[in-house]
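3D, please:
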Amino acid sequence: MIGLVLAAGVGKRLAPLTEDRPKGLIELGGRSLLARLLDGFQAAGVDETVLVVGYRAEMIQATLGASHHGMPLRYLVNPDYEKGPRLSLWTGREAFQRDEVVLADGDVLFAPTLLDRVVQARAPNAFLGSPGFLDTGEEMILYTASAPSGSDRVVAIRRGVAGPPAAPFDRRAEWVGFVKVSRDAGADVAAVIDDMVRNGRGEGDYEVALDLVLPRHPFAACWTEELPWIEIDFPQDLQAAETEVLPRIERLPPR
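Below you'll find the model as predicted:
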């Protein structure tokens with residue numbers, strides 16, 4: 001299993017904090033966001049992690065090095081990182097062609113067992129969602145429908161401002177930023193994102209590529225179930241991470 005981390009962005013909304021470092025190297029409780037994510041990958045049994053970097057790429061490489069507790073790290077550079085994350089997914093597409101992948105955003109603080117839920121999900125493809133969320137329109141929303149097996153199948157993923165999909169759905173949840181992708185579905189994701197970029201549609205949200213493969217590959221939804229997490233985009237997110245989310249994580253029992 002390969003971990004694929006998208007960590008190329010500038011993090012402009014966190015300026016001036018990100019003027020001298022990428023967002024993934026922001027520290028909380030003495031550990032950077034990326035180091036915490038790599039801890040989770042290594043503990044979950046991920047064999048290798050590929051990090052797509054861009055803004056201050058050399059700083060990330062120098063800080064994290066070539067391995068993390070024995071798990072090899074590889075770096076791919078997206079030189080056009082200011083055009084949005086879709087090109088970062090395109091830069092890392094080769095991972096989907098090699099093995100099962102756990103795709104992760106590099107700006108999430110989370111309870112470690114949340115990553116375990118995605119990696120250990122019985123379904124070969126699985127998103128992690130949080131049903132109880134404040135809908136501001138900026139969130140990436142998972143739309144799910146009950147499957148005959150009794151599980152929840154993701155029928156669409158899109159930013160809230162785009163509105164609901166045409167496909168029938170029973171439930172909405174905020175996507176946490178982690179998804180497990182099988183080799184078959186991953187080959188499709190790689191082909192879709194490659195086609196988009198080669199046809200001049202390289203800017204924008206990368207989740208569009210995931211949405212396009214959902215009719216062809218079943219993706220299950222697993223849930224946070226009140227375990228703490230937060231995506232850090234704005235100064236108020238960072239404050240909440242420091243004062244609310246991290247203390248809750250630290251009070252949890254070990255894995």
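
give me the buried positions along the longest helix along the chain.
Here the longest helix in the chain is taken by residue count, with DSSP state H as the criterion, and it is helix 183-198. By neighbour count, with 16 or more other Cβ atoms under 10 Å as the criterion, the buried positions of helix 183-198 are 185-190, 192-193, 196-197. Every C-beta, even on glycine, is put in place using the N, C-alpha and C of the backbone.

also stretch 4-13?
Residues 4-11 are the ones in stretch 4-13 that count as buried (16+ other Cβ under 10 Å).

for stretch 222-242, same thing?
Neighbour-count burial for stretch 222-242 [16+ other Cβ under 10 Å]: 222-224, 227-233, 237-238, 241.

stretch 241-255 too?
With burial defined by 16+ other Cβ under 10 Å, the residues of stretch 241-255 counted as buried are 241, 245-246, 249.

on that earlier part again, so what does the next helix or strand after the longest helix of the chain touch, helix or strand wise?
Remark: after helix 183-198, the chain's next helix or strand is helix 207-213, criterion DSSP states H and E. Packed against helix 207-213, as judged by 3 or more Cβ pairs under 8 Å, 6 or more residues apart in numbering; DSSP states H and E, are the following elements: helix 86-91, strand 152-159, helix 183-198.

just the C-alpha atoms of helix 207-213, please, in PDB.
In PDB, the C-alpha atoms belonging to helix 207-213 read as follows (Å, rounded to 0.1, in the frame of the first residue of the first chain):
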ATOM      1  CA  GLU A 207     -11.800  15.900  -6.300                       C
ATOM      2  CA  VAL A 208     -13.500  16.300  -9.700                       C
ATOM      3  CA  ALA A 209     -11.400  13.300 -10.900                       C
ATOM      4  CA  LEU A 210     -12.600  11.200  -8.000                       C
ATOM      5  CA  ASP A 211     -16.200  12.100  -8.600                       C
ATOM      6  CA  LEU A 212     -15.900  11.000 -12.300                       C
ATOM      7  CA  VAL A 213     -14.900   7.500 -11.400                       C
END
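
please work out the average pLDDT along that helix.
Averaged across helix 207-213, the pLDDT comes to 97.

contact partners of it?
Under the criterion Cβ atoms under 8 Å, 6 or more residues apart in numbering, residues 86, 89, 140, 156-159, 175, 179, 185, 188-189, 192-193, 196 lie in contact with helix 207-213.

spell out the residue ranges of the helices in the chain.
If you assign secondary structure with DSSP H, the helices in the chain sit at 33-43, 57-64, 86-91, 112-119, 183-198, 207-213, 235-240, 246-251.

which stretch among those helices comes nearest Met71?
When the helices of the chain are ranked by distance to Met71, counting by Cβ to Cβ, first place goes to helix 33-43 at 4.5 Å.

what does the closest one contact?
Defining contact as Cβ under 8 Å, 6+ apart, one finds that helix 33-43 is touched by 3, 5, 7, 23-26, 28, 31, 49, 51, 60, 64, 68-71, 73, 102, 104, 106-110, 112, 115-116, 232, 255.

which sections of the stretch 1-150 of the chain are below the confidence cut-off?
Residues of the stretch 1-150 of the chain that meet the criterion pLDDT under 70 lie in 149-150.

which residues of it fall in strands?
2-7, 27-28, 31-32, 48-53, 67-68, 71-77, 101-105, 108-110, 126-130, 140-146 (DSSP state E, counting those that start in this stretch).
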